[in-house]
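>>> Okay, sequence plus prediction incoming.
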Amino acid sequence: MSPTKSLRLHFYKALWSATRVVWPIFSLLLGLVVVLGLLIARIEGWRLFEGIYFAFVTGLTVGYGDLVPKHGISRVLAIAIGFHGVMLTALFAAITVRALQAAMQDSPSQLPDRENTL
């Protein structure tokens with residue numbers, strides 16, 4: 001197996017391991033984003049899919065602007081979606097970085113030599 005494939009395999013194993021550890025927190029945040037999106041859809045009179053779409057666009061801080069809450073309570077809930085979405089993204093980034101660190105520690109001798117690849 002090539003060093004790059006071995007490193008990739010170590011990375012995915014470490015990512016899976018870390019995901020299993022944080023899954024309760026990750027799923028709670030994900031569930032809150034969806035529930036808040038459905039709640040906003042009900043308040044605003046949107047279809048359920050539009051509420052979920054709005055929640056993920058807001059939570060991932062994309063904000064296309066095609067769906068905009070008009071009611072005050074919906075706007076407050078949209079802020080809550082934003083906070084939860086940022087935490088969800090940060091958690092995913094943290095476990096990805098940790099998995100990469102673990103993979104590199106597990107197989108440092110198998111890393112490609114950058115000087116020879118240039």
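Happy to help now that I have it.
>>> From the centroid of the chain, which residue is nearest?
residue 89 (3.8 Å; Cα atoms, centre = their mean).
>>> Now find how far off-centre the helix or strand that contains it is within its chain.
Here residue 89 sits within helix 72-106, counting by DSSP states H and E. Offset of helix 72-106 from its chain centre (Cα atoms, centre = their mean, to the nearest Å): 5 Å.
>>> Low-confidence bits of this structure, can you list those?
108-118 (pLDDT under 70).
>>> Just give the closest residue to residue 26, not the sequence neighbours.
residue 91 (5.9 Å; Cβ to Cβ, 6 or more residues apart in numbering). Every C-beta, even on glycine, is put in place using the N, C-alpha and C of the backbone.
>>> Would you quantify the distance from the one you found to residue 21?
When distance is defined by Cβ to Cβ, to the nearest Å, residue 91 is 11 Å away from residue 21.
>>> Check which helix or strand residue 19 maps to.
Assigned by DSSP H and E, residue 19 belongs to helix 3-44.
>>> now that helix against helix 72-106, angle please.
Using axes from the mean of the first three to the mean of the last three Cα atoms, to 10 degrees, one finds that helix 3-44 and helix 72-106 are set 170 degrees apart in direction.
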